[in-house]
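Chemist: Fold the following for me, if possible:
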Amino acid sequence: QVQLAESGGGLVQAGGSLRLSCAASGRTFSSSHMGWFRQAPGKEREFVAAISWGGGRTYYSDSVKGRFTISRDNAKYTVFLQMNSLKPEDTAVYYCASSGGSFLGSHSYTYRGQGTQVTVSS
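Modeler: A predicted model of the protein is given here:
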């Protein structure tokens, strides 16, 4: 199992940037696809970005494409989400998750963190 701990959230003005980190533990991290999800109050959880186990493939939802960048450092067991040009609609709790199976199948990802709050003011 991969245990996860998100950090880096906070309050930022629209147009600003934040960098989220997800520290992972577990021997299977380097062989797991990693993803970022977010959930705003009253809304369903959204699959925002993913990166394959080796880092060669990435996925972004249309809502964040061109503004967010996912990356990973397998040597440091960490996944990052660089968020630029933030908008108020990006406000949500952000979770990272791991998948030992499908890369693009959101249901194959498992959450084991508490999430980190991102709030974007207008």
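Chemist: What lies in contact with the worst-scoring helix or strand of the chain on mean pLDDT?
Modeler: Within the chain, judged by mean pLDDT, DSSP states H and E, the helix or strand with the poorest mean is strand 110-111; its value is a mean of 86. For strand 110-111, the surrounding residues in contact (CB atoms under 8 Å, 6 or more residues apart in numbering) are 2, 4, 37, 95, 96, 97, 98, 99. Where C-beta positions appear, they are placed from N, C-alpha and C, glycine not excepted.
Chemist: and with 6 Å instead?
Modeler: Judged by CB atoms under 6 Å, 6 or more residues apart in numbering, the contacts made with strand 110-111 from elsewhere in the structure are 95, 97, 98.
Chemist: which residue is nearest the centroid of the chain?
Modeler: When CA atoms, centre = their mean is applied to the chain, the residue found nearest the centroid is residue 36 (2.3 Å).
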